[in-house]
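Engineer: What shape does this take:
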Amino acid sequence: MNLLLRELKAHRKSLLIWCICIFYIIAASMWKFGAEYSSNQSLNELVGLLNILLFNVVTLVFSIIMVGYFNHGDSLAAEIVKLMAGMFIIQLIFLLMGSAIAAYGKNLKISTPVAIVVVLVFLMIAKIADMSRDFDFLRWFTPIKYYEAELILGRGGFSSTYLLLSILILGLLTFITYMSYQKRDLRV
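Structural biologist: Presented below is the predicted three-dimensional model:
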């Protein structure tokens, strides 16, 4: 019995972290359901952005805490923040891409499968670019390759070219989403 209590004490932090993560997943699912139920697209986008922000903040905080706990050398907080910022930009690109696909498409039920296919195509392009140096030019065609850990940590920061390209993509996707919603009559 003492061994059981000792093991429970030893693993209480990880159990607490998992419980918080599960709570967040359930809460995020309910927020998504509530936003879809109200069928207000601007609310959907706001909830999507809020989910991404909350997820990134929680991931950043726990990453810094856990890496700091196990790291016995210099602090890695700055590198973790850079990696999380890159991940956040990629998430924004895919969020706006999904919004643009949903806004441009005629049938809302088809928008989700199309967005999933687009993400999978970008993943396949990224994997093909990894196979050989002959395919390095494909890095320009997938946002997944813009913010790789080896590029961010190896160069000490973001590539200004990829950052500018990301800003242009975000602007273009926002414009497409806005213009498509202006022309559209929402049918629910």
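Engineer: immediately after the lowest-mean-pLDDT helix or strand in the chain, which helix or strand?
Structural biologist: Of the helices and strands making up the chain, the lowest-confidence element is helix 12-38, at a mean of 67, by mean pLDDT, DSSP states H and E. Sequence order places helix 41-70 as the next helix or strand after helix 12-38, per DSSP states H and E.
Engineer: how far out from the middle of the chain is that next one?
Structural biologist: Mean-position distance between helix 41-70 and its chain equals 9 Å (CA atoms, centre = their mean, to the nearest Å).
Engineer: which is the next helix or strand following it?
Structural biologist: Beyond helix 41-70 in the direction of the C-terminus, DSSP H and E gives the next helix or strand as helix 77-104.
Engineer: give me the low-pLDDT residue ranges for this protein?
Structural biologist: Applying pLDDT under 70 to the chain flags residues 1-4, 7-8, 19, 29-45, 184-188.
Engineer: how far away is the residue nearest in space to the middle of the chain from residue 170?
Structural biologist: What sits nearest the mean C-alpha location of the chain, by CA atoms, centre = their mean, is residue 91, with 3.1 Å. Counting by CB to CB, to the nearest Å, the gap between residue 91 and residue 170 amounts to 11 Å. In short, each C-beta sits where N, CA and C put it, glycine included.
Engineer: how about the nearest residue to residue 114, chain neighbours excluded?
Structural biologist: Nearest residue to residue 114 in three dimensions, chain neighbours excluded: residue 101, at 5.4 Å (CB to CB, 6 or more residues apart in numbering).
Engineer: so who does the one you found touch?
Structural biologist: 111, 114-115, 118 (CB atoms under 8 Å, 6 or more residues apart in numbering).
Engineer: Straight-line length of stretch 97-116, end to end?
Structural biologist: 10 Å (CA to CA, to the nearest Å).
Engineer: mind listing what's buried in that stretch?
Structural biologist: Across stretch 97-116, burial judged by 16 or more other CB atoms under 10 Å covers 97-105, 111, 115.
Engineer: what about residue 173, neighbour count?
Structural biologist: Counted by other CB atoms under 10 Å, the residues lying close to residue 173 total 21.
Engineer: my bad, residue 90
Structural biologist: As a burial measure, residue 90 scores 18 neighbours (other CB under 10 Å).
Engineer: now swap in the one 5 residues further on and tell me
Structural biologist: Residue 95 is flanked by 18 other residues according to other CB under 10 Å.
Engineer: any idea how far it lies from residue 164?
Structural biologist: In terms of CB to CB, residue 95 sits 19 Å off from residue 164.
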